[in-house]
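Undergrad: What follows is a predicted protein model with its sequence.
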Amino acid sequence: MISRRIARQSAAVLLVAVTVLPVATAGTAVAEPAPPASGPEAELVPGEYQPWQVDTPDQVLAPQVYAPTAEEDAVEPADAAPGTYDLVEYVPLGDAVARVACTKSRGPFQRQVERWLKLKVDGKQSKGDCKVIRAFQVEQKIKPAIGFAGPVTWARMQYLSARENPNAAKKCPVRSYRVACVDLTRQITWVQKGKKVVFGPVPMRSGRVGDRTRTGWFKVYWKHKNHVSTLYHQPMPYAQFFSGGQAFHAVYGSIFTTVGSMGCVNLRLGDARKLWGVLKKGDRVYVWGRRAGG
C-alpha cells in the first residue's frame, strides 16, 4: 500500500511539473517574454485576435542549394489572407479584457513615443498623452487605438521617420553597387545603389534572443521563390539566403510581434515579392544594430 501511494504521489508531482514548466524541443527556442508595462498588468498581449499570430517558419541550418526548374519558378506563392499584416498593438492584458477606450498604463516605449509626438517627455501616461497617442493610432490604423505606447506604435513611428531618407544617419555603407541594408535597431530594410534608394524602406522582423540575425557584410548566395522551411515545414516565399540559414523571406503571419524570428529577415508578402525582383545572386547585404528586447 505504501509503495502504491508513493507511486501515485510521484506521478502527480510529475504531471504538475510537465504542466507548469515550458517545453523546449530540439531546434526551437523558448519565446522571449513581451516587454513589461507599468502597473499590475505586466503581460502584453495582441489587442485584437489574429488567427495568423504564429511562429516564424525560418530555417536554422543552411539549405541544400540547387537550381530550381523553370516550372518551379513559374509558380507564384499564394497571397496572404486579408488582414494578415494589420497593425495590431500589444497592450496590457487587463486593457484587452476590459476593452478600455483610453489606457492609463505607461507603455514600454512611452518616452520614445512622447518625444516623437512632441509631448512632454516624462515617461508617464496622462490623459493628454493618451488622447494624442490614440489619434496617431487611429490615423495609422493601429488596433486597438487605446493610446498605449507599445512596440507596434513605436515601430510605425520609426518607419515613418525613415521613409524620406532611411540612411540619414549613414549607418549603411554607400557603394557603387547594390547594398541591401538591414537596420536591426529600427526594424526596417531597404536597398540602395550609391546614395539612391531603389527599394523600400519597409518594415521587417529580425531574430529573437538566442537566434539573432547576424551582423556584418554578407552576399545573397541563393534565391528560392517557393522555399519550404526544414525547421517547421512551412512556406518561406521569395527566400533570398545571405548567411547560412538566414534569409529575406515573406511570412504568412504578422511581422509586428514582440518575439523575433529564428534569425531570418521576415517581410510582408508584397514587400518580399518586390525585393525578389530587385536583388540578384551575389548582391551585398549589410546588417547592423540590435533589435529592441534582443
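TA: That came through fine.
Undergrad: secondary structure class for Pro201?
TA: At Pro201 the chain is in strand, as set by DSSP: H, G, I helix; E, B strand; the rest coil.
Undergrad: Tell me if I'm right that it and Val191 touch.
TA: No. Applying CB atoms under 8 Å as the test, Pro201 and Val191 come out as separate, 9.3 Å apart. For glycine as for every other residue, the C-beta is placed from the backbone atoms N, C-alpha and C.
Undergrad: mind listing the strands for this structure?
TA: With DSSP state E as the criterion, the chain has strands at 44-46, 87-88, 90-92, 142-143, 178-183, 188-193, 196-203, 216-219, 222-228, 235-243, 246-250, 265-267, 284-288.
Undergrad: just how off-centre is the longest one within its chain?
TA: Read that as strand 235-243. 16 Å (CA atoms, centre = their mean, to the nearest Å).
Undergrad: just to revisit the earlier point, is it possible to get CSV of the strands of the chain that adds distance to Pro151 and mean pLDDT?
TA: Output for the strands of the chain, formatted as CSV (distance: least, CB to CB, whole Å; pLDDT from 0 to 100):
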stretch, distance to Pro151, mean pLDDT
strand 44-46, 8, 85
strand 87-88, 11, 96
strand 90-92, 6, 94
strand 142-143, 11, 96
strand 178-183, 16, 98
strand 188-193, 14, 98
strand 196-203, 12, 97
strand 216-219, 26, 98
strand 222-228, 28, 97
strand 235-243, 24, 97
strand 246-250, 21, 98
strand 265-267, 15, 97
strand 284-288, 20, 98
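Undergrad: Format these as CSV; extra columns: distance to Ala169.
TA: Below are the strands of the chain laid out as CSV (distance: least, CB to CB, whole Å):
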stretch, distance to Ala169
strand 44-46, 29
strand 87-88, 25
strand 90-92, 27
strand 142-143, 25
strand 178-183, 9
strand 188-193, 12
strand 196-203, 13
strand 216-219, 18
strand 222-228, 29
strand 235-243, 22
strand 246-250, 22
strand 265-267, 19
strand 284-288, 10
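Undergrad: can I get those strands in a markdown table with mean neighbour count and distance to Arg273?
TA: Listed next are these as a markdown table, based on neighbours: other CB atoms under 10 Å; distance: least, CB to CB, whole Å:
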| stretch | mean neighbour count | distance to Arg273 |
| --- | --- | --- |
| strand 44-46 | 21 | 26 |
| strand 87-88 | 20 | 20 |
| strand 90-92 | 26 | 27 |
| strand 142-143 | 21 | 24 |
| strand 178-183 | 23 | 15 |
| strand 188-193 | 22 | 14 |
| strand 196-203 | 18 | 11 |
| strand 216-219 | 13 | 21 |
| strand 222-228 | 19 | 9 |
| strand 235-243 | 25 | 6 |
| strand 246-250 | 27 | 7 |
| strand 265-267 | 28 | 9 |
| strand 284-288 | 20 | 18 |
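Undergrad: my guess is Val65 meets His227, correct?
TA: No. Using CB under 8 Å, Val65 makes no contact with His227, being 10.9 Å away.
Undergrad: who does Lys196 bridge with?
TA: Beta bridges link Lys196 to Lys193 when assigned by DSSP bridges.
Undergrad: That one and Tyr177, how far apart?
TA: Per CB to CB, to the nearest Å, Lys196 is found 12 Å from Tyr177.
Undergrad: Same question for Gln140.
TA: Taking CB to CB, one finds Gln140 at 35 Å from Tyr177.
Undergrad: which of those two has more neighbours?
TA: The neighbour comparison of Gln140 against Tyr177 (other CB atoms under 10 Å) goes to Gln140, with 16 against 10.
Undergrad: Nearest residue to Asn266 in space, ignoring adjacent ones along the chain?
TA: Spatial nearest neighbour of Asn266, chain neighbours left out: Arg205 (4.1 Å); criterion: CB to CB, 6 or more residues apart in numbering.
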